[in-house]
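Peer 1: from the sequence below, what's the structure:
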Amino acid sequence: MKKTEQLLESIGRITRETGIPRTIFAVCPNSVAVTKAAFRAARRNNAPIYFAATLNQIDVDGGYTGMTPADFVRMARLEAEAIHYTGTTVIAIDHGGPWLKDRQAVERWSPEEAMNGVKKSFEAAVLAGYDLIHVDPTVDIFVPKGEIISIHLVVARTVELIAHVERFRRERGLPPVSYEVGTEEVHGGLADEKTFDTFLAELKTALKEAGLEDVWPCFVVGKVGTDLHTATFDPGVARVLTDKVRPYGSFIKGHYTDGVSNPEQYPLCGMGAANVGPEFTMSEYDALAELELLESRELEKGTVAMASRMTGVLERLVRESGRWRKWLHEEEAGLEFDQLGAERRMWLVKTGCRYIWQRPEALAARYMLCDNLRRAGYDPEEMVLGRIERDMDKYFTAFNLVNLNDLL
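Peer 2: I've put the predicted structure just below:
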């Protein structure tokens, strides 16, 4: 059985036996530190860990982490071995679809180029040994502003991408992979219930017509009240969507779970899994900012020769990258960075650091910061990882995952 389906089936069995529902916690591996912290938190909580990597983060071109799918799979294996983590690890593509990779949208790739690019990314993931692929062709940059992509086109492209993966892996005798479909993005997709129903029915028919009757996604992404700028999960909507997909054998997957105010409601509503990503970039930034305060104290005492200027370097690199513009609100369009309020600028820097962690200047400043603090008797890496782990722990607890490995 596919690893993800096996995990879901085991959780279902355990829920029936114990009466305690559970939701899988998925981490977006937007930095090396977040990946390390995820394994450490999973080991300490004695729970499975799921990585949902976007094509912006990890791809054939290295993404902003600098890692290809093969690199990330090797890294995950080595990190697990280094801390003797033996629980279940699921590695997945998140939001795999045309124009969801920023480069494709900025360079305005044609539909054929964008679809072919995604197919190459999927091939690399399958060859690397990924367990699941989120097929998400719900964005089309050529759809006129104010209009939403046709759900029939979304179905057609979903089937085209799944069919390509299935043909590619079967020709090479590679293990089967699991699938996730749909989106909750604010720019369209499956947010409307009628559209959601149409998508499921048409996808079922189209897969059968393509000779893929044995292939069906284990996750369908649902808009359950959360997005990048909101933090309240809607239990009522989640239950409605769960009731819609369970007859198909699927579970609802939540995205943008970052900082959600009521995470304990996820398992109670039957949510299969939930993704958390930018929150841990903010955790990493906050940890480095705290280290910089310690560094400044050591500088005053004369135990440090030169300041790293860590947060200043990060802010400048985020500004220069221009990627902060992607997250501007509609009313902020056209504004320059300095025209935004101080709180808004700080949010954009904190969430935007994931794009520039691997820049040489960021790495150099971080090396200097950590070296300064090590000389002063601190363990800076432990402090950074510990901060990220602390913020991950609440999800392991809220999703009822602590000690789940003992029951699997």
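Peer 1: poorly predicted segments of the stretch 201-350 of the chain, please.
Peer 2: Scanning the stretch 201-350 of the chain for pLDDT under 70 picks out 228.
Peer 1: and if you look at the stretch 51-200 of the chain?
Peer 2: Looking at the stretch 51-200 of the chain by pLDDT under 70, you get 183-191.
Peer 1: first vs last residue of stretch 246-263, how far apart are they?
Peer 2: Length of stretch 246-263, first residue to last, C-alpha to C-alpha, to the nearest Å: 21 Å.
Peer 1: secondary structure class for the nearest residue to Arg169 once chain neighbours are set aside?
Peer 2: Distances taken as C-beta to C-beta, 6 or more residues apart in numbering place Val126 nearest to Arg169, at 5.1 Å, with adjacent residues excluded. Quick note: C-beta positions are derived from backbone N, CA and C, even for glycine. Following DSSP: H, G, I helix; E, B strand; the rest coil, Val126 is assigned to helix.
Peer 1: neighbours of Val126, just the number please.
Peer 2: By the measure other C-beta atoms under 10 Å, the count of residues near Val126 is 21.
Peer 1: just Ala364 next, same as before
Peer 2: Ala364: 12 neighbours (other C-beta under 10 Å).
Peer 1: with Tyr285 instead?
Peer 2: Residues near Tyr285, counting by other C-beta under 10 Å, number 24.
Peer 1: and for Pro111?
Peer 2: By other C-beta under 10 Å, neighbour count at Pro111 equals 15.
Peer 1: again, but for Glu336
Peer 2: Look at Glu336: counted by other C-beta under 10 Å, it has 8 neighbours.
Peer 1: what strand or helix carries Ala53?
Peer 2: Ala53 is located in strand 49-54, with elements delineated by DSSP states H and E.
Peer 1: which residues does that strand contact?
Peer 2: Strand 49-54 has contacts (C-beta atoms under 8 Å, 6 or more residues apart in numbering) with 24-29, 35, 38-39, 41-42, 63, 69, 72, 76, 85, 87-95, 100-101, 134, 273, 275, 277.
Peer 1: looking at the residues you listed, which are in strands?
Peer 2: Among those, the ones falling in strands (DSSP state E) are 24-27, 89-95, 134, 273, 275.
Peer 1: nearest to Glu180 among the residues you listed?
Peer 2: His134 (4.1 Å; C-beta to C-beta).
Peer 1: residue contacts, that closest one?
Peer 2: 52, 92-96, 179-181, 219, 221.
Peer 1: any chance of those in CSV, with distance to Ala305 too?
Peer 2: Shown next, in CSV, are those (distance: C-beta to C-beta, whole Å):
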residue, distance to Ala305
Ala52, 42
Ala92, 45
Ile93, 45
Asp94, 42
His95, 44
Gly96, 47
Tyr179, 54
Glu180, 50
Val181, 55
Phe219, 52
Val221, 50
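Peer 1: now, which of these sits nearest Ile151?
Peer 2: Val181 (12.0 Å).
Peer 1: do you know how far the closest one is from Tyr130?
Peer 2: 16 Å (C-beta to C-beta, to the nearest Å).
Peer 1: the more surrounded of those two?
Peer 2: More crowded of Val181 and Tyr130, by other C-beta under 10 Å: Val181, with 29 against 23.
Peer 1: nearest residue to that one other than its sequence neighbours?
Peer 2: Once flanking residues are discounted, Val181 sits nearest to Pro217: 4.5 Å by C-beta to C-beta, 6+ apart.
Peer 1: which stretches in the protein count as strands?
Peer 2: 24-27, 49-54, 89-96, 132-135, 178-181, 219-221, 251-254, 273-276.
Peer 1: can you put those in CSV and add distance to Asp192?
Peer 2: Converted to CSV, these look like this (distance: least, C-beta to C-beta, whole Å):
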stretch, distance to Asp192
strand 24-27, 25
strand 49-54, 24
strand 89-96, 19
strand 132-135, 20
strand 178-181, 16
strand 219-221, 14
strand 251-254, 15
strand 273-276, 21
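Peer 1: to Phe399, which of those strands lies closest?
Peer 2: strand 24-27 (5.3 Å).
Peer 1: neighbours of the closest residue to Leu317 other than its chain neighbours, how many?
Peer 2: In space, Leu317 comes closest to Ile356 once its chain neighbours are excluded; the distance is 4.2 Å by C-beta to C-beta, 6+ apart. When counting by other C-beta under 10 Å, one arrives at 22 neighbours for Ile356.
Peer 1: about what we covered before: OK, contacts around the residue nearest to Arg169?
Peer 2: 133, 165, 168-169, 174, 177.
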